[in-house]
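**Q** Just a sequence and a predicted model for now, questions to come.
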Amino acid sequence: MKITEGLSAGIGSILRNKLRSFLTMLGIIIGVAAVIGMMAVGEGARTLIIRELEKIGGTNLFIVQKPMWIQKDGKWIRNPSTEYLTLQDAWAVAASCPSVESVNPEVMDGAYLAHENKSRISIYEATTPMFTTAQDWYTAFGRFISMGDLDNWARVCVIGVKVWHDLFGESNPLGREIKVNFQRFTVVGVMQEKGKLFGGEWDRDEEILIPLTTAQKRFKGGKQVDIFWCKAKSYDLVDQAVQETRLLLMRRHKGEEFFRINSAKQFLQAVEKVSLVIKSMLGGIAAIALIVGGVGIMNVMLVSVTERTWEIGLRKAVGAKRRDIMFQFLIESLLMCLVGGGIGILVGVFIGMGMSGIVNMFIFKGSGWPSTVSFQSVLLGFGFSAFVGLLFGLYPAYKASRLEPAEALRYE
């Protein structure tokens, strides 16, 4: 039997009983829609996380900081260590750790900004020239902080796009003065637009960047550094870079591990573990729906075999072989499941879009959580459908092929 003949017979069978065919496919539609919707949201989450991590340095980023509180004997206590991170530690990591591409030490704090009769609350990041490399964030115009600024404790600043517009409107801010916590600073650059992280409150376009040494001298009064933003040479070298950094800092601080290191890789792995658990749970629900749909397919195909007994007998009487009959019923079962799978994929796409919309509106407002339907998930949806169609269509097809022509022709 030719494939075209089998497809024609299968389509005819589905169209003759539209309502029954739809109800039969419903389990397949629900199962595939659940799989596609689940994967769309999961892949969207991964896409969002990677996109947001790119705003602060990418997936090969890791940070070093001294935690204010540590856990000891099941209780949280203030960190008792008198050690702290310094600018010299950062230069040592950059010079001595072969897996580390760049290190950017920073101090962060709140800032009151003022220019003429305009003012606003902001955050200052006291940083170094390594900032742009470590965080993949560069100036839109003007220049960034230089080593000369660090050496001279220069009162210069680079401002975010929103700070520029809030304080200067559309006029050129370069070379003009603003007050940062009531001290005069000269604007030397404006950063590229960056936006909020994960749709939250931290808007990088509202920041101001100043030399680290200037903040230590004028605002902090000490050599302490809050955080190192470090970047490994590649994603695969993150763990090695973290270990090199840990050992070097411990050697420089009497063997004491007073700091904590967290990497974007660890965060991604944790998210993927949670995602895997959720996918497994939803996958189980989808599997049940597919099995129920498969049983429905098998029942309808068995009814179809009974209803078409005379037709089967006639076909055998004019020369159709067992494999032809079996092939025809398998094609019908497979076609019904593939049509159901196609509808399920479309429904799953809309489910994914709806769920991402709910997340954007009510959970992570304005995060831009995408719904990502990959080619692999579409293939998976059709693959599940084909498997169910073949598995649950096999017995009805076999039963139809075993009918004897003489007995089948006597059936009414």
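**A** Great, that's in hand.

**Q** In contact with M39, which residues are there?
**A** Residues near M39 by C-beta atoms under 8 Å, 6 or more residues apart in numbering: 279, 352, 373-374, 377, 380. (C-beta placed from N, C-alpha, C; glycine too.)

**Q** Relative to F228, which of the residues you listed is nearest.
**A** Nearest to F228 among the contacts of M39, counting by C-beta to C-beta, is K279 at 34.7 Å.

**Q** What distance do you get for the closest one to I288?
**A** Distance, K279 to I288, by C-beta to C-beta, to the nearest Å: 15 Å.

**Q** Redo the contacts of M39 as TSV? Include neighbour count and distance to I325.
**A** Shown next, in TSV, are the contacts of M39 (neighbours: other C-beta atoms under 10 Å; distance: C-beta to C-beta, whole Å):
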residue	neighbour count	distance to I325
K279	17	40
G352	25	41
V373	20	38
S374	13	39
S377	22	35
L380	17	31
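
**Q** As TSV, those with distance to E207 would be great.
**A** Converted to TSV, these look like this (distance: C-beta to C-beta, whole Å):
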residue	distance to E207
K279	37
G352	34
V373	35
S374	35
S377	38
L380	42
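
**Q** Between which two of the residues you listed is the distance greatest?
**A** Taking C-beta to C-beta as the measure, the contacts of M39 span a maximum distance of 14.8 Å, between K279 and V373.

**Q** Show me how the protein divides into domains.
**A** Using automatic domain parsing, the domain parsing of the chain gives 3-54+269-410, 67-258.

**Q** least reliable of those going by mean pLDDT?
**A** For the domains of the chain, mean pLDDT drops lowest on domain 3-54+269-410, to a mean of 80.

**Q** G255: what secondary structure?
**A** The three-state label given to G255 by DSSP: H, G, I helix; E, B strand; the rest coil is coil.

**Q** quick one, helices of the stretch 301-412 of the chain?
**A** With DSSP state H, counting those that start in this stretch as the criterion, the stretch 301-412 of the chain has helices at 309-317, 322-358, 375-401, 405-410.

**Q** Give the buried residues for the second one.
**A** Under the neighbour-count criterion of 16 or more other C-beta atoms under 10 Å, helix 322-358 has 324-345, 347-349, 351-353, 355-356 buried.

**Q** Please apply the same query to the first one.
**A** Residues of helix 309-317 classed as buried under the neighbour-count rule (16+ other C-beta under 10 Å) are 309, 311-313, 315-316.

**Q** got the buried residues for stretch 143-162?
**A** 144-145, 149-150, 154-162.

**Q** burial of the residue lying closest to M147 once chain neighbours are set aside, as a residue count?
**A** Ranked by C-beta to C-beta, 6 or more residues apart in numbering and with sequence neighbours excluded, the top spatial neighbour of M147 is P129, at 5.8 Å. Residues lying near P129 (other C-beta atoms under 10 Å) number 16.

**Q** just the one 3 residues further on next, same as before
**A** The local packing of T132 (other C-beta under 10 Å) involves 20 other residues.

**Q** Wait, it touches F144, no?
**A** Yes: at 5.7 Å, T132 counts as touching F144 under the criterion of C-beta atoms under 8 Å.

**Q** Show me the strands in the stretch 201-350 of the chain, by range?
**A** Here the stretch 201-350 of the chain has its strands, by DSSP state E, counting those that start in this stretch, at 207-211, 227-232, 260-263.

**Q** The ones you listed: which one's closest to P98?
**A** Checking the strands of the stretch 201-350 of the chain against P98 by C-beta to C-beta gives strand 227-232 as the closest, at 10.5 Å.

**Q** That closest one - contacts with which helices or strands?
**A** strand 61-65, helix 87-96, strand 100-115, helix 131-135, helix 238-252 (3 or more C-beta pairs under 8 Å, 6 or more residues apart in numbering; DSSP states H and E).

**Q** Show me what that strand is in contact with.
**A** The contact list for strand 227-232, computed with C-beta under 8 Å, 6+ apart, reads 56-58, 60-65, 85, 89-90, 93, 99-106, 108, 131, 133-135, 238, 240-242, 245.

**Q** One more pass at 6 Å, please.
**A** 57, 60-65, 90, 99-106, 134, 238, 241 (C-beta atoms under 6 Å, 6 or more residues apart in numbering).

**Q** With stretch 76-95 instead?
**A** For stretch 76-95, contacts defined as C-beta under 6 Å, 6+ apart pick out 66-70, 100, 103, 105, 223-225, 228, 245, 248, 253, 256, 258.

**Q** Just the buried ones from the residues you listed, in ChimeraX syntax?
**A** Buried subset of the contacts of stretch 76-95, written as a ChimeraX selection, criterion 16+ other C-beta under 10 Å:
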select :66,100,103,105,225,228,245,248,253,258
